[in-house]
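A.B. asks: Kindly return the folded structure for what I paste below:
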Amino acid sequence: MEILAEIQTAAFWSGLLAVVWVNVILSSDNAVVIALAVRTLPGHQQNKALAWGTGGIVLVRIILTIVAVEALKYPLLKIAGAVLLLWIAIRLLVAEDGEKTIESSDNLIQAVKTILLADLVMSLDNFIAVAAAAKGSVLLLVLGLVISIPPVIFGATVLVKLMERFPIIITIGAALLGWVAGEMLVTDPLVLIWVAANLPWMEIHLPFGMEVSWAQITGAAFVLGTGKWLASRREAGGEKTA
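C.D. replies: Next up is the predicted model:
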């Protein structure tokens with residue numbers, strides 16, 4: 001009954017959308033690496049490797065992200081997580097990631113191992129982001145990961161091309177991470193009590209039972225502003241070097 005009540009709320013569906021969006025945005029590079037790992041396999045084995053790899057990734061991510069969800073219940077960890085999330089979001093905008101290369105494999109089992117290892121290594125920052133977006137709900141977490149991981153893996157090339165053609169997708173994703181980080185910061189057990197006592201105007205009530213906070217808005221604005229500033233500095237530095 002609790003599950004039925006939860007899925008009938010607007011907060012549940014907005015939370016599910018956030019989990020899916022965050023995971024899709026942060027997993028685009030992983031998808032490319034996975035595609036490279038199976039590129040030399042025969043066609044029928046490519047499908048098997050992707051299917052087995054996808055199943056393994058879903059299981060591993062659910063377990064590790066649940067651990068992150070539980071960890072975020074302790075004081076100060078949400079503050080640390082919010083700072084990490086802001087850094088991840090700004091990095092998305094500044095696009096400082098170096099090239100990620102991985103060897104392809106002619107062996108099905110080895111290819112699956114490669115997929116799992118590559119995803120684990122490259123997704124360490126995803127766990128904290130998805131855990132934050134899930135807001136402590138294991139149901140949101142599991143549904144969000146199950147929905148978002150298969151499309152990312154099987155649509156790797158399409159996803160990356162869309163991001164290249166429509167950079168606004170990355171910008172929206174980075175802003176969403178900043179939004180989640182802002183909420184994460186003010187819901188830390190130590191901060192929450194102080195905010196409730198001193199900043200009663202923090203919450204903004206919207207129609208249909210929706211609520212947003214100035215912390216969320218500030219987090220998104222901080223990411224967009226800082227990302228734009230760092231990007232402009234890099235461009236200026238590149239022009240001077242040239």
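A.B. asks: residue boundaries of the strands in this structure?
C.D. replies: Using DSSP state E, the strands assigned to the chain run over residues 203-205, 211-213.
A.B. asks: Direction included, what does the last one pair against?
C.D. replies: The one in question is strand 211-213. strand 203-205 (antiparallel) (DSSP bridges).
A.B. asks: what sits against the residue nearest to residue 187 when sequence neighbours are not counted?
C.D. replies: Ranked by CB to CB, 6 or more residues apart in numbering and with sequence neighbours excluded, the top spatial neighbour of residue 187 is residue 78, at 6.2 Å. Backbone N, C-alpha and C define where each C-beta goes, glycine included. When contacts are counted by CB atoms under 8 Å, 6 or more residues apart in numbering, residue 78 is found next to 72, 132, 184, 185, 187, 188, 189, 191.
A.B. asks: Most neighbours among the residues you listed, which one is it?
C.D. replies: When the contacts of residue 78 are compared by neighbour count (other CB atoms under 10 Å), residue 184 ends up highest, at 30 neighbours.
A.B. asks: pLDDT at it, what is it?
C.D. replies: Per-residue confidence for residue 184 comes out at a pLDDT of 80.
A.B. asks: For it, which non-adjacent residue is spatially closest?
C.D. replies: residue 82 (4.3 Å).
A.B. asks: the bottom helix or strand of the protein by mean pLDDT?
C.D. replies: Comparing every helix and strand of the chain by mean pLDDT, DSSP states H and E singles out helix 28-37 as the least confident one, with a mean of 60.
A.B. asks: mind listing the helices in this structure by residue range?
C.D. replies: Counting by DSSP state H, the segments of the chain that form helices are 2-7, 10-26, 28-37, 43-71, 77-94, 108-122, 124-134, 138-154, 156-165, 168-186, 189-198, 214-241.
A.B. asks: dump the residue contacts of the residue nearest to residue 234 when sequence neighbours are not counted.
C.D. replies: Excluding its sequence neighbours, the residue lying closest to residue 234 (CB to CB, 6+ apart) is residue 94, at 7.0 Å. Counting by CB under 8 Å, 6+ apart, residue 94 makes contact with 227, 230, 231, 234.
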